[in-house]
Structures are given as structure tokens and as C-alpha cells.
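A.B. asks: Here is my input, please return the structure:
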Amino acid sequence: MTNSSAETRDTISPDAVLSAVADDHRRAVLQILNRTDGGVMEMSALTDAVAEHVRDGEPPDDDQRRRVRTALHHTHLPKLEACEMVVYDAETEQVRNVADELGQELLALIAPYETRR
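C.D. replies: All right, here's what the predicted structure looks like:
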């Protein structure tokens with residue numbers, strides 16, 4: 001049995017979507033993937049980009065990179081996947097942006113309020 005995208009979207013609560021975009025790391029993932037040609041990145045490149053974002057553009061050290069990768073793998077990507085905003089293939093280590101129009105609109109709405117640390 002296959003659900004259509006609209007049927008699946010109807011089962012995702014607005015609270016879950018808002019919770020998904022409430023975190024700075026998850027917004028960074030979506031914004032970075034959104035700027036990437038094709039909306040696909042290798043996990044290592046995404047880890048570096050998110051770690052750099054968290055450090056306000058400063059290059060992360062190995063420990064920070066490890067912490068960000070662990071958080072992406074265990075927390076942030078699963079939450080974004082649950083809301084159908086990304087697909088993470090752990091086997092190929094590729095992350096794909098699949099946010100629909102609503103996801104893009106949320107990012108556009110939030111963008112003016114983003115503050116650097």
C-alpha cells in the first residue's frame with residue numbers, strides 16, 4: 001500500500017513541522033541543501049557546512065565536526081525525514097532536500113529573523 005504525497009503530508013502534524021524547523025541546526029541543513037545544486041550533499045560535506053554555520057563561519061575542529069555529525073545522524077536528519085523535508089540514505093551517505101512548497105515557504109518566512117550568534 002502506497003500513500004500519495006498529499007495523503008502522507010496530511011498525517012504530519014503542523015506541530016511536528018514547526019518543531020522540525022525550530023532548531024538552528026535543522027534550519028541550517030535545509031538552507032544549505034536549498035543552496036546546493038540539485039539539493040543533494042554528501043554527509044561529510046553537509047557536516048562541515050553545518051558545523052561552520054554553528055561557528056558563525058569559523059572552520060570547525062575535528063571534535064566539533066564529530067559532535068555535529070552525530071547530532072545530524074541521530075537527531076536532526078531523522079526529525080527532518082519524519083516531516084518529509086529530507087531523505088538521508090545512510091548507505092550512500094547522501095542527504096537530499098525533498099521539502100515541498102510548504103517547507104520552502106517556511107524557510108522564506110524564517111529567513112529575515114535568522115540571527116548570527
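
A.B. asks: And Gly57, its phi and psi?
C.D. replies: Here the main-chain torsion angles of Gly57 (degrees, to the nearest 10) amount to phi 90, psi -10.

A.B. asks: Could you check how far it is from Val17?
C.D. replies: Shown here: Gly57 relative to Val17, a distance of 28 Å by Cβ to Cβ, to the nearest Å. All C-beta spots, glycine's among them, are computed from the backbone N, C-alpha and C.

A.B. asks: Which one of the two is surrounded by more residues?
C.D. replies: Summary of the neighbour comparison: Gly57 and Val17, criterion other Cβ atoms under 10 Å, with Val17 having more neighbours (20 against 8).

A.B. asks: Enumerate every residue touching the more buried one.
C.D. replies: 83, 85, 102-103, 106 (Cβ atoms under 8 Å, 6 or more residues apart in numbering).

A.B. asks: Please apply the same query to Glu81.
C.D. replies: Listed by Cβ under 8 Å, 6+ apart, the contact set of Glu81 reads 87-88.

A.B. asks: quick one: buried residues of the helix or strand containing it?
C.D. replies: Glu81 is part of helix 77-82, with elements assigned from DSSP states H and E. Along helix 77-82, the positions that meet the burial threshold by neighbour count (16 or more other Cβ atoms under 10 Å) are 77, 79-80.

A.B. asks: Likewise for stretch 36-43?
C.D. replies: Going by neighbour count (16+ other Cβ under 10 Å), the buried part of stretch 36-43 is 36, 39-41, 43.

A.B. asks: Now the two most distant members of those residues.
C.D. replies: When the buried residues of stretch 36-43 are compared pair by pair using Cβ to Cβ, the farthest-apart members prove to be Gly39 and Met43, with a separation of 14.4 Å.
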